[in-house]
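Any chance you can model this:
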Amino acid sequence: MPDTPTREDAIMRLAGMIKDIPVAMLTTTGMGRLRSRPMVTQHTAFDGELWFLTARAAGKTGEIRDRQFVHVTFVSPSDNRYVWASGTAAIVDDPATMKAVWHAGYLPWLPGGPDDPSLALIKVRVEEAEYWDNTAGRMVLLNSFVQPGDTFRDAVPGMGI
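Numbers count the residues shown, from 1 in each chain. Here you go, the predicted structure:
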């Protein structure tokens, strides 16, 4: 991969790093504090957006509505995969996407299935990510997710909010 990867390169690299990690920690901000929660991960291919299912009434949905900036951490210690991604989250009502991302791993927490009206989707548009490169012994930044001209956010990726 080149020193400055294209958006497609960054997506492919992140997709490979998070593939088959069953749980991610989603961090939101609410009441002036950071709060992380385990989330079942998607089985669909990563294309620049991460998808999670949740109960519509869960606290994290209100936190995301109030403060869209989130952080997602993926860890697989058995093969030295350590990855984080930051981005902008939204609560989405889309029955087709709900069915596309649904898998049996959600059943213990969301027993009503993908047609349950109390469910909501969380979409995270990844802006930057970083992963542990075991061979180099360092973290590698992927900040090519946001292309010039994207207007979904005024802040510059990588800058403090």
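
For the lengthiest helix in the chain, enumerate the helices and strands it packs against.
In the chain, ranked by residue count with DSSP state H as the criterion, the top helix is helix 7-18. Helix 7-18 sits against strand 81-92, strand 119-133, strand 138-142, with contacts defined as 3 or more Cβ pairs under 8 Å, 6 or more residues apart in numbering; DSSP states H and E. Glycine gets a C-beta too; all of them are placed from N, C-alpha and C.

Would you mark the buried spots in stretch 96-109?
Within stretch 96-109, the residues that count as buried by 16 or more other Cβ atoms under 10 Å are 97, 98, 101, 102, 106.

Mind picking the one among the residues you listed that's closest to residue 75?
Each of the buried residues of stretch 96-109 was scored against residue 75 by Cβ to Cβ, and residue 106 proved nearest at 19.9 Å.

So that closest one is in contact with residue 53, correct?
Yes. Checked against Cβ atoms under 8 Å, the pair residue 106 and residue 53 is within contact range at 5.6 Å.

Can you tell me the centre-most residue of this protein?
Averaging the C-alpha coordinates of the chain gives a centre point, and the residue nearest to it by Cα atoms, centre = their mean is residue 50 (4.0 Å).

In CSV, list the buried residues of stretch 96-109 along with secondary structure, distance to residue 138 and pLDDT.
Formatted as CSV, the buried residues of stretch 96-109 follow (DSSP: H, G, I helix; E, B strand; the rest coil; distance: Cβ to Cβ, whole Å; pLDDT from 0 to 100):
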residue, secondary structure, distance to residue 138, pLDDT
97, helix, 36, 94
98, helix, 38, 94
101, helix, 33, 93
102, coil, 37, 94
106, helix, 35, 92
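
Of the helices and strands packed on helix 7-18, which is nearest residue 19?
Proximity to residue 19, assessed across these by Cβ to Cβ, is greatest for strand 81-92 (9.1 Å).

In this protein, where is pLDDT below threshold?
Along the chain, the parts satisfying pLDDT under 70 run over 1-3, 147-161.
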